[in-house]
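Novice: quick one: sequence and predicted model below, then my questions.
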Amino acid sequence: MPNERPWLTVLLWVVLSIATLFPIYWLFVISVKPAVELFSTPSLFLDTIYWKNYVKVIGDDTLRRYMMNSIIISSGNAVLVTVLAFMACYALSRYDLAGKENIFFWTITNRMAPAAVFLLPFFLLFTQVFAIGDWKLYDTRIGMILLYCTFNLPFAIWTLRPTIDGIPKELDEAATVDGATTWQVITEVIFPLARPGLAVTLILTWVFAWNEFLLAATLTSFNARTITTGLSEYVTTTGTEWGTMASISIITLIPALIIFSVVQRHIVAGLTFGAVKE
Amino acid sequence: MKNGLIAAMAIGLLTTVAPARADFWSDAGAKFQGVTLHGVTESTPPSNYIKDVLAPEFEKKTGIKVEIETTSWDQMYDKAIKDMEAKTGIYDMVYIEQDIIYAYLARNFLVDITKSLKDDPSLKAPDFDETHFTTFANYFKNAEGDLFGIPMEAFIKLYLYRTDLFNDPAIKEAFKAETGKDLVPAKTHEEYTQIAEFFTKWGKDNGKELWGTTAQAHTGHPASWYEFFESIAPTFGVYNWGIDASKNYAASVANGGTMNSDKAKAALKYWLHLRDIAPPESPASTWTEVGTTFAAGRAAQGLVYGENAAWIASDAEKSKVVGNVGVALPPLEPGVMEEAEAGKGYIGYYDGGAFGLPVTSKNQQAALLFLQYIGQDSVQSGWAVAAPRITNTSTYDDPQVIEMDKKLGGYYTMLKDQGKLFAGAPPYPFHAQVREATAPIFYKILTGEVGSDEGLDQMAAAAEAELTNLGYRK
Amino acid sequence: MRSNAVGWLLLAPTIVILAIFGIMPFVYVLYVAFHQWNPFGANPLMIYNNGDNFRRLVFDQEFLTSIAFTLKFAFFAVASEIVLGYLLAQLFMKEFPGKGFFRTIHTLPLIVAPIVVGSVWRLMTTPSIGIIPYLLKSWFGIDMNIGRDANVAFALTVIMDIWHWTPLVTLTLLAALVSLPKEPFEQAQIDGANRWQIFWHITLPMIRPAILATVFIRLMDALRTVDEVWMLTGGGPGAATRYVGLHIWKLVFPKTDYGYGSAVSVIVLYLTLVMCWLLYVGLVARRDQKRTA
């Protein structure tokens, strides 16, 4: 869309960004203050910087392992979910399947459940149903990748469906007439047009998996524990270690930021529907 | 804490490499090669010491691998209970806070350590002796005196005051002029209130960020409930949360309980007044904030958990009042001290926990070895320095601990000499259940939606209803 | 020309995964909901108790209060997020310098874990020493106390939610907007339609499915919020922010009341479902008619 007053827009965004960034800036402030100063008269700006929280956190092997787990679980889950949802949405959009709108609605009901009470059945599923000999789904990364599908898959299907529905059917029909297989239609016609939607789905499912706390806390322990769950180790009955918690949080922003900036490039207008012109 | 931990680690290594009986561990461990023990505990300094120091040491000596999972308090319970309830056998060691031991014992979740060692003397470590624990270990024994948990942390919640303020001549004079009394740590509730009021006013008059007392009075977190029932009500002579197990678990006065007795009502009024003259953050304060409030120098006196008292008094990175902290017994109503000395009551909260062995564990023998390892006298002093807890009697006499006691204003001495006046949570198997059933009403009292007398009446009724529902009250 | 078998095949993995991890646990919870079960009760075993749990919750004042507060919270939070998110998405449709940079900044709140969001907001709003109450006091003389004032606590949970989740709305609506064909807009401009007309007659009908999906997601997520609120207020003052997700958490975690907790969860799930179903039928049925036409 043309913009007559770009600088006004920029100014608006600067203001909005300050509001958005403030809590994150404050998280940083907390991370570079010794605990003793958190309960003194606050000041908007930092006069000295205290790095010890970071030194402690960066040198910690356990946290590094949690971080790797988080990256693997979130990325694995986001990719899996996006692919499955893409397939499912294509099926829902293009095929005349019996009861498909009901199936579509049913998928989202899986996201509605209040998590706390479902932990017990999940725990039993992970330790007793999916257990072969000594091996259990409990405390494995693959277990978490699969489990996160329960809330991410419905989300992905619901965010992708409008995008796929919005791609005119005439396009795949034309391709089919030209002799393309279903696979080719999906990968060569639909995929490029659905890219913005897919990118957003990928980002957001990644975010949900990355931030998930309760399920990971219950269903992982030594091997597959994620960094978000690791953070709760600093909330104790002796007291909360705000500084450590904040510095870990700041560090965890980095991988997330990298993934965001890579994937976000695909949310661009301009994959025009010029071809649709009748 | 980190520096302390490293130092303690070094000390721990030095003191525990006692060559004489080192053989026992390698011999005993030989049978369990390839075994990995899993434990779950809260990520507090004493637990972190087990994870970072004792577990690796044990592994070196015995060849048995130990993995300790540290997590938050709620998660720790939830995971341990799910594991034991579903008989999954994930954990070989679980943390047992003193207040949940009765629930675990009622469910037969735990292995009888005394009996197991008697049954299989080959597992008994020569340096482990149950009688070396302080009386705190009694909380983890059954009626026959058998031990079900190895004590690993123990603290008392005590009265902290600022020695710099209490010894300031100008302040002393002002206090004397205003009240006609000398400014010394309070013995009674009236004195405590008077001192609190004086300092709050003094802070205001002098434009200082200072108030007369702390208050752990969060309006949505059980910390406030705990402060009242564990630390305030007993000093007014209301014990065991006002629930009387011998009278069919009665809570209300009408049925023989004391939760809504006149004493309880007076206690609540006293505490609510303190909350009102405490720093403004008090209605949003849990134990975390109370510790930090005191450490930031915002309160002249207050009731603080022992585990926090130590860093407040000694860690300059976390506290502004290092070297200015005095410890004293909580202020009491007349008669309460006599009851406590006679063993009929108590004056405050003795808090702590132990490591236990779930019956569902698949590596019970190896776990028994580890539990004995952390219960030995020889590993205690490094542990006490890294995390201010004492569970074995001999630890009090350790030179490092004596040194530290001076820094902490005599906290360890108090724990040793007066610890017996304090008590843990009452021996009920329904701890969190009754707390959660009554806490919503308590929060309403704190916000003023319900009057304090009326609120306690409602709480007593709610406690009885929950106990009936749970099947304890017939 | 097209075999439906392929369609089913494409849908199959989704159905299988959701059946295993969705239906099976639900059946278990439903089963538990008809029992009295507290592992720390005098009888720790599961006892079938008819529909007692469900009868009890109809009169459970705490539960009902919690539902009312939750609905209020969800309404204010979601409505603000949708309006704000839509406006921001439209702003991102314009070309301006630094667009990619601002878009990244705008999405940052999403990658902060809810428990951390709760912690930061808690420290920012600690009475008298948090930066927000401090500045309000020193600039405007206003006393703000999250531990005492229920309205303040409620408003803060809403604001925190808006801060955290508006970017999600922006992103999903942005994806919908960039995928729209350009022709109808160009045509409308040629025909001399004004902005409002374009929004009402072209943009809105075209992105309605996306808006609906976003409302759904945000609504059900807001209804089961736990971590952030638990960190910020713990549910207080009193019961003012004890939203239903947190209420259930307290029933199941510290109180270990699995039986009653399950019944409450089933009812909450049912209420959410009905609410969404009504929205869905009301809004989607119409869309389907249009599409097939």
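Specialist: Everything's here; your move. Note that the structure is predicted; figures quoted are calculated from it, not measured.

Novice: what secondary structure does the residue in the stretch 201-350 of chain B positioned nearest to chain C sit in?
Specialist: Closest approach between the stretch 201-350 of chain B and chain C, counting by CB to the nearest CB: B:Gly220, at 2.0 Å. From N, CA and C alone the C-beta is placed, and that goes for glycine too. Secondary structure, DSSP: H, G, I helix; E, B strand; the rest coil: B:Gly220 is coil.

Novice: can you count the residues close to it?
Specialist: 31 (other CB atoms under 10 Å in any protein chain shown).

Novice: can you give me the strands in chain B?
Specialist: For chain B, the strands defined by DSSP state E cover B:36-42, B:65-71, B:93-97, B:150-162, B:301-305, B:325-328, B:350-356.

Novice: could you list every helix and strand in contact with the second one?
Specialist: Other elements packing on strand B:65-71 under the criterion 3 or more CB pairs under 8 Å, 6 or more residues apart in numbering or on different chains; DSSP states H and E are strand B:36-42, helix B:45-49, helix B:55-62.

Novice: returning to that earlier point: what's the pLDDT at the residue of the stretch 201-350 of chain B closest to chain C?
Specialist: pLDDT for B:Gly220: 93.

Novice: and for the one 3 residues further on?
Specialist: The model reports B:Ala223 with a pLDDT of 93.

Novice: closest to B:Lys407 out of the helices and strands packed on strand B:65-71?
Specialist: Proximity to B:Lys407 (CB to CB) singles out helix B:45-49 among the helices and strands packed on strand B:65-71, at 16.0 Å.

Novice: now do the buried residues in that closest one.
Specialist: Across helix B:45-49, burial judged by 16 or more other CB atoms under 10 Å in any protein chain shown covers B:45-49.

Novice: ok, residue 77 - contacts?
Specialist: Unless you meant another one, I'm taking chain A. A:144-145, A:148-149, A:152, A:205-206, A:209 (CB atoms under 8 Å, 6 or more residues apart in numbering or on different chains).

Novice: was after chain C, sorry
Specialist: C:158, C:161-162, C:165, C:218, C:222.

Novice: what sits against the residue nearest to the residue of the stretch 201-350 of chain B closest to chain C when sequence neighbours are not counted?
Specialist: Setting aside the residues directly before and after it, B:Gly220 is nearest to C:Gly236 in space (CB to CB, 6 or more residues apart in numbering or on different chains), at 2.0 Å. By CB under 8 Å, 6+ apart, the contact set of C:Gly236 is B:218-221, B:443, B:447, C:147, C:153, C:242.

Novice: out of the residues you listed, name the two that are farthest from one another.
Specialist: The farthest-apart pair in the contacts of C:Gly236, when distances are taken by CB to CB, is C:Gly147 and C:Arg242, at 14.4 Å.

Novice: and the gap between the residue nearest to B:Gly220 and C:Lys255?
Specialist: 17 Å (CB to CB, to the nearest Å).

Novice: which helix in chain B has the most residues?
Specialist: Scanning chain B for the helix with the most residues, using DSSP state H, yields helix B:452-470.

Novice: do that helix and chain C meet?
Specialist: Yes: under the criterion of CB under 8 Å from any CB of the partner chain, chain C is reached by helix B:452-470 at B:469-470.

Novice: find the nearest non-adjacent residue to the residue most central in space within chain B, please.
Specialist: The centre of chain B sits closest to B:Asp351, judged by CA atoms, centre = their mean, with a distance of 2.1 Å. Nearest non-adjacent residue to B:Asp351, counting by CB to CB, 6+ apart: B:Phe155, 5.1 Å away.

Novice: just the pLDDT for the one you found.
Specialist: Here the pLDDT value assigned to B:Phe155 is 91.

Novice: separation between it and B:Gly424?
Specialist: Using CB to CB, B:Phe155 is found at 11 Å from B:Gly424.

Novice: and the helix or strand that A:Leu27 is a member of, which residues are buried?
Specialist: If you go by DSSP states H and E, A:Leu27 is part of helix A:6-31. For helix A:6-31, a neighbour-count test (16+ other CB under 10 Å) marks A:9-10, A:13, A:16-17, A:20-24, A:26-31 as buried.

Novice: off-centre distance for the next helix or strand after that helix?
Specialist: Counting by DSSP H and E, the next helix or strand C-terminal to helix A:6-31 is helix A:35-38. Distance, stretch centre to chain centre, for helix A:35-38: 33 Å (CA atoms, centre = their mean, to the nearest Å).

Novice: ok so, going back, out of the buried residues of helix B:45-49, who's nearest chain A?
Specialist: Checking the buried residues of helix B:45-49 against chain A by CB to the nearest CB gives B:Pro45 as the nearest, at 6.7 Å.

Novice: show the contacting residues for A:Thr220.
Specialist: Shown in contact with A:Thr220 (CB under 8 Å, 6+ apart): A:69, A:138-139, A:144, A:226, A:229.

Novice: with C:Arg103 instead?
Specialist: By CB under 8 Å, 6+ apart, the contact set of C:Arg103 is A:264, A:267, C:92.
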